[in-house]
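Colleague: Compute the structure for the input listed below.
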Amino acid sequence: MNLIKSTGTFSFFTLISRLLGYLRDILIAIFLGAGPLADAFFVAFRIPNTFRRLFSEGTFNAAFIPSYSSLLNKKKAENFAKNVFSLLILGLFFLVLIIEIFMPVFVFLIAPGFGGDQEKMDLAIILTRITFPFLLFISLASFFSAILNSHNKFAIASAAPIILNILLIGVLLFGKILNDQLVYYLSYAVTLSGIFQFIFLYFFTKKYFSPQLNLNFKIDIRVKKFFKKLLPSIFSSGVTQINILVGTIIASFQAGAVSYLYYADRVYQINLAIAGIAIGTVILPQLSKHVQNKKKEKVKLIQNKALELSLFLSIPAAIALLIASNEIISSLFGYGSFDEDSVKNSAKALFYFGIGLPAFSLIKVFSTFFFARHNTKIPFYISLLSVLMNILISIIFFSEIGFLIIPIATTISSWFNAIALFIMLKKKKLFNFNLIFLNRFIKILIASTLMGVFFNYLINFFNDEFIYGESLKSAYLVGTVILALTFYILVAIFIKAFKISDIHLKY
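Modeller: Numbering: from 1, shown residues only. Just a heads-up that it's a prediction; the model follows:
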């Protein structure tokens with residue numbers, strides 16, 4: 001396996017999906033803005049989408065791949081997968097059914113702040129009932145993705161989420177015609193996309209696995225171990241998404257806050273998808289095999305390269321968000337119903353999320369180091385403390401600071417999580433720096449700082465073009481980002497923070 005090439009393949013399709021996601025969100029901002037309809041839809045969309053991220057963005061892989069890959073006997077691996085598949089279908093079906101029945105209670109728990117506005121609460125309940133079956137199909141689709149990733153087939157699994165954005169964009173193109181009915185059609189499109197992704201991934205997975213519902217399955221010790229690891233891995237690997245969901249619950253008490261957080265979240269997620277999720281997903285199958293075969297040098301090399309690549313991508317991105325959060329939000333979403341106040345509030349949230357961006361990525365990477373060793377307990381306990389810290393900070397300071405305490409608390413708790421994971425890795429002697437990483441890390445900091453200076457100059461130089469009312473501001477943002485990114489890569493190559501030869505190395 002070539003880490004950079006495999007990450008590049010995964011990242012390419014993820015990038016396409018996220019760019020389409022931006023187009024989708026720009027259209028949502030134009031037609032819905034940050035008002036009551038937007039808040040209700042984002043709650044309905046946030047719930048299944050959070051589950052999608054928890055299952056599909058490396059978390060299901062974390063529990064499944066080490067167990068599946070360790071079964072060298074093909075028949076044993078297939079039986080294990082069939083038993084897991086059968087249990088997933090049954091468990092997810094009854095979970096969706098129960099929550100559909102008790103949806104009013106469920107939505108109240110997720111958005112208790114809507115209780116003061118019965119019309120918004122009723123709308124959120126209806127929309128969530130429509131979107132929630134998405135959970136069943138996308139979770140099963142994630143199972144298929146884990147099978148593909150186990151065989152080092154990353155492209156198809158990373159391309160599947162594109163379907164969601166294509167369907168939502170298709171609906172949004174009729175936004176003017178649909179008016180207030182738009183949120184209903186968007187909700188139906190969410191569930192429909194889950195069905196399509198399930199079918200799409202099944203088509204490519206049947207080469208390696210033939211899914212079938214077996215009601216007479218035998219729950220052997222491997223299946224028990226898998227499900228025992230699944231919940232901790234969901235909680236620990238998906239801690240950033242859980243923190244965001246917690247933030248949504250608290251933000252529901254302030255009008256428009258759910259929308260502000262949603263738009264800010266959309267911006268930094270593109271870097272997290274590449275610098276954390278893509279790297280963690282790509283290294284897990286190979287790292288699990290090397291750990292099992294006790295190839296310590298290979299393990300050390302992969303872990304250091306994964307950490308290096310994560311920081312190479314996340315540090316400059318964080319700097320860019322801190323410098324131009326307002327210009328970025330305005331250029332991406334500042335149109336139509338999304339007014340200047342919405343831009344300012346979302347930009348403030350993005351600024352504080354930006355501080356935590358490297359931590360969000362490190363959590364994904366460090367957690368993978370534990371998951372490859374079948375250890376989900378340590379990341380779980382650390383994540384549990386992190387979420388409790390997030391909730392405590394948010395509740396204590398919400399009345400004074402408002403919704404901005406949510407990104408602040410998320411960032412503080414995420415840095416705690418990342419640092420605690422690193423300390424435990426060192427304590428358990430599961431990770432050691434090599435000299436190449438230490439040398440590259442210093443150079444990454446230098447290249448990122450120089451990029452930040454250049455990016456700040458460009459933002460100030462084109463300052464008049466980023467004013468809220470300017471129609472070409474998005475084009476100027478794209479041009480500015482491309483120039484800054486090119487500058488960063490050239491500087492990184494010049495000072496040898498990154499080498500072209502790395503692309504051809506096998507790990």
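
Colleague: Tell me where the longest helix sits in this protein.
Modeller: If you go by DSSP state H, the chain has its longest helix at helix 296-333.

Colleague: Quick one: residues contacting R24.
Modeller: N165, L168, I169, L172 (C-beta atoms under 8 Å, 6 or more residues apart in numbering). Glycine gets a C-beta too; all of them are placed from N, C-alpha and C.

Colleague: follow-up on the earlier one: following the chain onward from the longest helix of the chain, which element is next?
Modeller: Note on helix 296-333: by DSSP states H and E, the next helix or strand toward the C-terminus is helix 340-371.

Colleague: tell me the mean pLDDT for that following helix?
Modeller: Mean pLDDT, helix 340-371: 90.

Colleague: can you check stretch 378-391 too?
Modeller: Here the average pLDDT along stretch 378-391 is 89.

Colleague: Sort out which residues of it are buried, please.
Modeller: Going by neighbour count (16 or more other C-beta atoms under 10 Å), the buried part of stretch 378-391 is I378, P379, F380, I382, S383, L384, S386, V387, M389, N390, I391.

Colleague: Kindly format the C-alpha coordinates of that stretch as PDB.
Modeller: These are the backbone C-alpha positions of stretch 378-391, laid out as PDB (Å, rounded to 0.1, in the frame of the first residue of the first chain):
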ATOM      1  CA  ILE A 378      -9.000   3.800  25.900                       C
ATOM      2  CA  PRO A 379     -10.300   6.000  23.100                       C
ATOM      3  CA  PHE A 380     -13.800   5.500  24.400                       C
ATOM      4  CA  TYR A 381     -13.000   6.600  28.000                       C
ATOM      5  CA  ILE A 382     -11.100   9.600  26.800                       C
ATOM      6  CA  SER A 383     -13.900  10.600  24.400                       C
ATOM      7  CA  LEU A 384     -16.400  10.200  27.200                       C
ATOM      8  CA  LEU A 385     -14.500  12.600  29.300                       C
ATOM      9  CA  SER A 386     -14.200  14.900  26.300                       C
ATOM     10  CA  VAL A 387     -17.900  15.000  25.700                       C
ATOM     11  CA  LEU A 388     -18.700  15.600  29.300                       C
ATOM     12  CA  MET A 389     -16.200  18.500  29.300                       C
ATOM     13  CA  ASN A 390     -17.900  19.900  26.300                       C
ATOM     14  CA  ILE A 391     -21.400  19.700  27.800                       C
END
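
Colleague: And that stretch, how far out from the chain middle?
Modeller: Put simply, stretch 378-391 sits 18 Å off its chain's centre (C-alpha atoms, centre = their mean, to the nearest Å).

Colleague: Roughly how far does L27 sit from R46?
Modeller: From L27 across to R46, the span is 18 Å (C-beta to C-beta, to the nearest Å).

Colleague: To clarify, my last question referred to M103.
Modeller: 15 Å.

Colleague: farthest pair in the contacts of R24?
Modeller: Using C-beta to C-beta, the two most remote members of the contacts of R24 are N165 and L172, lying 10.1 Å apart.

Colleague: Return the alpha-carbon coordinates of stretch 137-147 using PDB.
Modeller: This file holds the C-alpha atoms of stretch 137-147, laid out as PDB (Å, rounded to 0.1, in the frame of the first residue of the first chain):
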ATOM      1  CA  PHE A 137     -29.700   2.300   4.500                       C
ATOM      2  CA  ILE A 138     -26.600   4.400   5.100                       C
ATOM      3  CA  SER A 139     -25.500   2.100   8.000                       C
ATOM      4  CA  LEU A 140     -25.800  -1.000   5.800                       C
ATOM      5  CA  ALA A 141     -24.000   0.900   3.000                       C
ATOM      6  CA  SER A 142     -21.200   1.600   5.500                       C
ATOM      7  CA  PHE A 143     -21.000  -2.100   6.100                       C
ATOM      8  CA  PHE A 144     -20.400  -2.600   2.400                       C
ATOM      9  CA  SER A 145     -17.800   0.200   2.500                       C
ATOM     10  CA  ALA A 146     -15.900  -1.600   5.300                       C
ATOM     11  CA  ILE A 147     -15.800  -4.700   3.200                       C
END
